[in-house]
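S.K.: need a structure here:
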Amino acid sequence: MISYKFRMYPNKQQIERLDFALEMCRQTYNNLLGELKEQAVIDKNMIQQHILDLKIINPILKQIYSKTLQYECYRLFSNLSALSALKKKGRKVGALRFKGKNWFKTISYNQSGFSLEHTYKKNGRLKLSKVGDIKIKMHRQVEGNIKQITIKKENDKWFAFVISDGIKRLEHGNKVLGIDLGINNYLVDSEGNKVEHPKYYEKILPKLRKVHRNLSRKKKGSKNRLKARKSLNRIYEKLNNQRNDFLHKTSTDLIRKSKIIVFEDLNIKGMMMQKYFNAKNIADSSWNKFIKMLEYKAENAGVQVIKVNPRNTTKLCSNCGAMKSMHLWDRTYKCAECGYKANRDENSAINILGKGLAFVEMMSDFPSGEQLSMKQEAITST
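M.R.: Residues are numbered from 1 along each chain as shown. Coordinates of the predicted model:
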């Protein structure tokens, strides 16, 4: 499956229809949730059948494409399954909540009720049943057959998320790299290559503070406060777009030049709690999102990704194996035993690579059946 995100440019009438469809889907979801709460024994078929009763009670629902209303039943039970899974993991979660206007932003066309045409260069037309023919900016061609289109409203902008059954494989290289994630440099690999940290949050912080102060002065419920909130949302939207763009480009570049990538299995939440003075920079780095991007792209390209225990990777000399205590402000590693001198992060990346290669060698000693039964996280115990 491939997901595409395209910007839509609906006219005034189409915006009104989209907003109306969004509101009707929200009300349908809330009504189905209310019906669910009244059931002693959960019956999905009965819940879905309740949509027909809602159309009789409120005939205005007939102006909405039926598949989008049916999808709300799927959404409800999908949320219920996710909640149940979290409870099984021991997480403390409450019951499903009714959706307010500001918490409901998507409508879905599943399998039918849409058609997408790429007209000229980046121009396209998206036809949605009961909405109309909408202009759409298509920066790339959709591969495969379209299975679902989800329409989302973000800061008064409309986007179409197109899901197709196409398969697009990323190409990978032949390098074997250890990766050390950091603050000063976003990452340093075992070959000494560095990727500078963009520090988008630090750059945009003065503007954020100004807009936050402006919002705090506005009267609650006023139109001026609504305008100030939209201005703040636009800044956060830009920050999120910049960060995602950087993470996608960096992770794709690593995949294209590697066949094995080794990085630390970091306890990011614990690091933020312990190193409170550096928590803002750690949060801005979005290491967890970067690692998840790297993992799903590696699976697509056939690249092996290995997580290793971060213990002593900074203190260990990558040349002779001697141990040395290192303060956070020590940026150069100097070994007293063998005289080895290197950048702190590069030395750490080499040690990370060494742990990863030791794991690969260990796994090669086991039959293929036993290899499948062993998780890569086993290396974290070494």
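
S.K.: What count of nearby residues applies to the closest residue in space to residue 319 that isn't next to it in sequence?
M.R.: Of all residues not flanking residue 319 in the chain, residue 340 sits nearest, at 3.8 Å (C-beta to C-beta, 6 or more residues apart in numbering). (Glycine included, C-beta is placed from N, CA and C.) Residues within reach of residue 340, counting by other C-beta atoms under 10 Å, total 15.

S.K.: which residues touch residue 340?
M.R.: By C-beta atoms under 8 Å, 6 or more residues apart in numbering, residue 340 lies in contact with 317-320, 333-334.

S.K.: Mind checking which of these are buried?
M.R.: Buried subset of the contacts of residue 340 (neighbour count, 16 or more other C-beta atoms under 10 Å): 317-319, 333.

S.K.: was I right about residue 145 contacting residue 164?
M.R.: Yes. The criterion here is C-beta atoms under 8 Å, and residue 145 meets it with residue 164 at 6.1 Å.

S.K.: which of the two has more neighbours?
M.R.: residue 164 (19 against 8).

S.K.: Apart from its neighbours in sequence, what residue is nearest the more buried one?
M.R.: In space, residue 164 is closest to residue 144, 4.0 Å off (C-beta to C-beta, 6+ apart).

S.K.: Find the helix or strand that that neighbour is a member of.
M.R.: Under the criterion of DSSP states H and E, residue 144 resides outside all helices and strands.

S.K.: could you list every residue that touches it?
M.R.: 2, 164-167.

S.K.: Distance check, residue 82 against residue 88.
M.R.: Applying C-beta to C-beta, to the nearest Å, the value for residue 82 to residue 88 is 11 Å.

S.K.: helices or strands next to the longest helix along the chain in the packing?
M.R.: For the chain, the helix that runs over the most residues, judged by DSSP state H, is helix 223-257. Secondary-structure packing of helix 223-257 (3 or more C-beta pairs under 8 Å, 6 or more residues apart in numbering; DSSP states H and E): strand 175-181, helix 200-216, helix 287-301.

S.K.: could you redo the last one with a cut-off of 10 Å?
M.R.: strand 146-154, strand 175-181, strand 185-189, strand 194-196, helix 200-216, strand 258-264, helix 279-285, helix 287-301 (3 or more C-beta pairs under 10 Å, 6 or more residues apart in numbering; DSSP states H and E).

S.K.: okay, the angle between the first one and helix 223-257?
M.R.: The directions of strand 146-154 and helix 223-257 differ by 140 degrees, with axes from the mean of the first three to the mean of the last three C-alpha atoms, to 10 degrees as the criterion.

S.K.: Following element in sequence after strand 146-154, please.
M.R.: Heading C-terminal from strand 146-154 (DSSP H and E), you reach strand 157-164.

S.K.: By mean pLDDT, point me to the weakest helix or strand of the protein.
M.R.: Taking mean pLDDT, DSSP states H and E as the measure, the chain has helix 368-373 as its least confident helix or strand, at a mean of 44.

S.K.: The residue lying closest to residue 263 once chain neighbours are set aside bridge partners, please.
M.R.: With C-beta to C-beta, 6+ apart as the criterion, residue 263 has its nearest non-adjacent residue at 4.2 Å, and that residue is residue 179. Note on residue 179: beta-bridge partners by DSSP bridges are residue 189, residue 263.

S.K.: Between residue 82 and residue 88, which is the more surrounded one?
M.R.: Higher neighbour count among residue 82 and residue 88: residue 82, with 12 against 7, using other C-beta under 10 Å.

S.K.: Which strand or helix spans the more buried one?
M.R.: Going by DSSP H and E, residue 82 is in helix 66-88.

S.K.: which parts of that helix are buried?
M.R.: 66-69, 71-73, 75-76, 80.

S.K.: just stretch 332-352 next, same as before
M.R.: 333, 335, 342-352.

S.K.: same check, this time on stretch 278-293
M.R.: Applying 16+ other C-beta under 10 Å to stretch 278-293 flags 281-282, 284-287, 290-291, 293 as buried.

S.K.: Centroid-nearest residue for the protein?
M.R.: Geometric centre of the chain, nearest residue: residue 289, 6.0 Å, by C-alpha atoms, centre = their mean.

S.K.: hang on, residue 316 packs against residue 349?
M.R.: No. Applying C-beta atoms under 10 Å, one finds residue 316 not in contact with residue 349, separated by 11.8 Å.

S.K.: coming back round to it: kindly reformat the contacts of residue 144 as CSV containing pLDDT and distance to residue 53.
M.R.: Formatted as CSV, the contacts of residue 144 follow (pLDDT from 0 to 100; distance: C-beta to C-beta, whole Å):
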residue, pLDDT, distance to residue 53
2, 87, 38
164, 92, 35
165, 90, 34
166, 85, 39
167, 83, 42
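
S.K.: By neighbour count, which of the residues you listed wins?
M.R.: So for these (other C-beta under 10 Å), the most neighbours sit at residue 164, 19 neighbours.

S.K.: Show me what it is bridged to.
M.R.: Applying DSSP bridges, one finds that residue 164 bridges with residue 2, residue 146.

S.K.: quick one, what contacts the nearest residue to residue 159 once chain neighbours are set aside?
M.R.: Using C-beta to C-beta, 6+ apart and skipping residues adjacent in sequence, the residue nearest residue 159 is residue 152, 5.0 Å away. Counting by C-beta atoms under 10 Å, 6 or more residues apart in numbering, residue 152 makes contact with 5, 8, 22, 105-108, 158-161.

S.K.: how does it look with 6 Å?
M.R.: Neighbouring residues of residue 152 by C-beta atoms under 6 Å, 6 or more residues apart in numbering: 105-106, 159.

S.K.: pLDDT added to those, as JSON lines?
M.R.: Listed next are those as JSON lines, based on pLDDT from 0 to 100:
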{"residue": "105", "pLDDT": "90"}
{"residue": "106", "pLDDT": "92"}
{"residue": "159", "pLDDT": "95"}
